[in-house]
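S.K.: here is a sequence together with a model predicted from it:
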Amino acid sequence: MDPSAWQDWLVLAIAGVAALAGVVLTVLTLPGAWLVVLTGLSLAIARPDMVPWWVVIILVVVAGIGEACEAGASALGASKAGASKQAAWASIGGSLVGAILGIPFLPPLGSIVGGALGAAVAAISVERWAMKKDWKDAGKVGAGAAVGRLLAIFAKTVVCVGAGVALVLAVAV
């Protein structure tokens, strides 16, 4: 990066803002890592001297890992607590609905709590009424789904931070 070139500083600023926005979006359970990927791709097209293509490939892989972590964490948490396959799948859908409904309430905390509660309520509902489990067993499954969802948000946020740092370092170096 040429310290005297304003375009280089602009590219660095764009990468930095995208990295921060990506982390915020990820905490809000939105696809923040993909914003970082899209920004990296755009910068690689506009300034291949600053963002090589191998960085874009790494960003795509990292974002994919984050998605895999998120998709499976609620279901894995529920499954570890003894959930049926139906409850595990329901926890994924419930976490998405809960996160969306929670956005208006104390963002980003509302989406985090909403996602965990949505996963728990969906898993409990399926276990209690569809699978005919008692409240105690259904509650364990719901707690597992909620913990899994919270771990998913944490893991995906860490992954997005890594992608953002990789993009900013690629531009800065």
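M.R.: Sure thing, it's come through. Note that the structure is a prediction, hence the values are computed from the model and not measured.
S.K.: wait, G40 touches L167, no?
M.R.: Yes: distance between G40 and L167: 5.0 Å, which falls inside the contact criterion (Cβ atoms under 8 Å). Every C-beta, even on glycine, is put in place using the N, C-alpha and C of the backbone.
S.K.: shared neighbours of the two, which are they?
M.R.: Counting by Cβ atoms under 8 Å, 6 or more residues apart in numbering, the common neighbours of G40 and L167 are A15, V51, V55, L59.
S.K.: which one of the residues you listed is nearest W6?
M.R.: Distance to W6 across the shared contacts of G40 and L167 (Cβ to Cβ) is lowest for A15, with 14.9 Å.
S.K.: how about the longest helix seen in the chain: buried residues?
M.R.: Counting residues, the longest helix found in the chain (DSSP state H) is helix 135-172. Of the residues in helix 135-172, 137-153, 155-157, 159-164, 166-168, 170-171 count as buried by neighbour count, 16 or more other Cβ atoms under 10 Å.
S.K.: what's in contact with stretch 144-156?
M.R.: 26-27, 29, 33, 66-67, 69-70, 72-83, 87-88, 91, 94-95, 112, 115-120, 122-123.
S.K.: give me the buried entries from those residues.
M.R.: 26-27, 29, 33, 66, 69-70, 73-79, 81, 83, 87-88, 91, 94-95, 112, 115-120, 122-123.
S.K.: got the shared contacts of G40 and L167 as a markdown table, with neighbour count, pLDDT and distance to P108 columns?
M.R.: As requested, the shared contacts of G40 and L167 are exported to a markdown table (neighbours: other Cβ atoms under 10 Å; pLDDT from 0 to 100; distance: Cβ to Cβ, whole Å):
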| residue | neighbour count | pLDDT | distance to P108 |
| --- | --- | --- | --- |
| A15 | 24 | 95 | 22 |
| V51 | 23 | 93 | 28 |
| V55 | 20 | 94 | 27 |
| L59 | 26 | 95 | 22 |
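S.K.: which among those gets closest to A99?
M.R.: Distances from A99 to these, taken by Cβ to Cβ, are shortest for L59, at 23.4 Å.
S.K.: shouldn't A33 be in contact with T26?
M.R.: Yes: the pair A33 / T26 is scored as a contact, 6.2 Å apart, by Cβ under 8 Å.
S.K.: mutual contacts of those two, please.
M.R.: Joint contacts of A33 and T26 (Cβ under 8 Å, 6+ apart) are G66, K156, C160.
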